[in-house]
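**Student:** Whatever this is, show me its structure:
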Amino acid sequence: MKVAIVTGANGFIGKAVCKALLHEGITVYAVVRNAGSMSDIQHPLLHNIEAELTDYTILPTLISEEIDVFYHFAWEGTSGSILGDYSQQIKNIQYTCDALIAAHHIGCKKFILAGTINELELIQFFHAENNSPRLACNYGISKLSCDLMCKTIASNIGIQYNTAIIGSCFGPGDKSKRIHNVFIVHMLKGTRPKLVEATDLHDWIYVDDVADMFCAIGNKSINMKNYYIGHNKLRTLRDILIDVRSILNPSLDIVFGEIRTSFHIDYSLINIHSVYEDTCYTCNSDFKTNILKTAEWLLSNDFVGI
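**Tutor:** Sure, this is the predicted structure:
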């Protein structure tokens, strides 16, 4: 891989992928709404392209260089109440299909869609009766639908395609109120959060490791295969949270089971070893170091009041 396009390049994961690609000497076309949002990255191989999601059909007129990989991260509504907004989530499917067609017209060799672990929650519903999906499942439904639609389009227009199912990603730059940030902030403040039973398998994967795995499958992947972007060994959420507590505030008591949830991920539905098997990637980062870096970033960016 010598040249790549990254949509949503100013986002939490998109920006990390841009940095990883640039570090490898790969030319990056960063597609963002506002080029100023990329001002923190100054690199001669970075080219910013301003475009709204609705403008992706004209990307072939804006990029003339031969492209190896098209990474698609742009997605309107990945956290908060908009997760359940079916109208917006359906629009995202259209934008993604437009991006795939644009990639084909540009002459890209491979298209990689950023998926979500929430897709696995939805697959379980295909075989269950009397289920009551959460409203936020509309996000996972749209990602899953998008994956199936893009596979169909890609196979008919002749472009290599992969979906990368991202695990529970954390790290500096994440401005959301997801469990990682909320729990870390509670530990920093010395307050006890209300928690689920947390006995299910889970996976906290550091953003830089996620970026490296995206680079790995950009360089080498099997066409039409879904890749899990996370660790190849899983732990229970309880064990992960206890580790984070031990790192940041070991004297604080935490109680599990005060909140009930129907959210469940069956990791047997995806091969968690795929990136490691197909690309020979190894994840060597240290969990404690990553938690401390994230905590430092949250403190320095005034997230303690989250």
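**Student:** residue ranges of the helices in the stretch 1-150 of the chain, please?
**Tutor:** Applying DSSP state H, counting those that start in this stretch to the stretch 1-150 of the chain gives helices spanning 12-23, 59-62, 86-106, 118-125, 137-157.
**Student:** Out of those, which gets nearest to N48?
**Tutor:** helix 12-23 (10.0 Å; CB to CB). Placement of C-beta: from N, CA and C, glycine included.
**Student:** how many neighbours does the residue nearest to D243 when sequence neighbours are not counted have?
**Tutor:** Spatial nearest neighbour of D243, chain neighbours left out: F287 (6.7 Å); criterion: CB to CB, 6 or more residues apart in numbering. By other CB atoms under 10 Å, the residues close to F287 number 16.
**Student:** contacting residues around F287?
**Tutor:** Residues counted as contacts of F287 (CB atoms under 8 Å, 6 or more residues apart in numbering) are W204, Y206, D243.
**Student:** What's opposite I49 in the beta bridge?
**Tutor:** V31 (DSSP bridges).
**Student:** and it, how many residues sit next to it?
**Tutor:** 17.
**Student:** do the same with G158
**Tutor:** Quick note: G158 (other CB under 10 Å) scores 7 neighbours.
**Student:** which non-adjacent residue is nearest it?
**Tutor:** H104 (7.7 Å).
**Student:** who are the neighbours in contact with the one you found?
**Tutor:** I157, G158, I159.
**Student:** Same check on V28?
**Tutor:** By CB under 8 Å, 6+ apart, V28 lies in contact with V3, A4, I5, V6, A9, C18, L21, L22, H43, L45, L46, H47.
**Student:** ok, now how distant is it from V69?
**Tutor:** 10 Å (CB to CB, to the nearest Å).
**Student:** joint contacts of the two?
**Tutor:** Jointly contacting V28 and V69 under the rule CB under 8 Å, 6+ apart are A4, I5.
**Student:** doesn't V210 make contact with Y281?
**Tutor:** No - at 11.4 Å, Y281 does not count as touching V210 under the criterion of CB atoms under 8 Å.
**Student:** Give me the more crowded residue out of the two.
**Tutor:** Using other CB under 10 Å as the criterion, Y281 and V210 rank with V210 on top: 25 against 18.
**Student:** Work out for me the element Y161 sits within.
**Tutor:** strand 160-166 (DSSP states H and E).
**Student:** Show me which residues of that strand are buried.
**Tutor:** Residues of strand 160-166 classed as buried: Q160, Y161, N162, T163, A164, I165, I166 (neighbour count, 16 or more other CB atoms under 10 Å).
**Student:** again with stretch 69-79
**Tutor:** V69, F70, Y71, H72, F73, A74, W75, G77, T78.
**Student:** would you say E277 is within a helix?
**Tutor:** Yes - assessed by DSSP: H, G, I helix; E, B strand; the rest coil, E277 belongs to a helix.
**Student:** ok, the spatially closest residue to L269 that is not a sequence neighbour - how many residues close by?
**Tutor:** Nearest residue to L269, sequence neighbours excluded (CB to CB, 6+ apart): L120, at 4.9 Å. L120: 20 surrounding residues under other CB under 10 Å.
**Student:** My read is that L120 contacts S268, right?
**Tutor:** No - taking contacts as CB under 8 Å, L120 lies outside contact range of S268: 9.2 Å.
**Student:** What is the least confident helix or strand in this structure?
**Tutor:** helix 118-125 (a mean of 84; mean pLDDT, DSSP states H and E).
**Student:** got a list of what L22 touches?
**Tutor:** Neighbours of L22 in contact, by CB under 8 Å, 6+ apart: V28, I41, H43, L45, L46.
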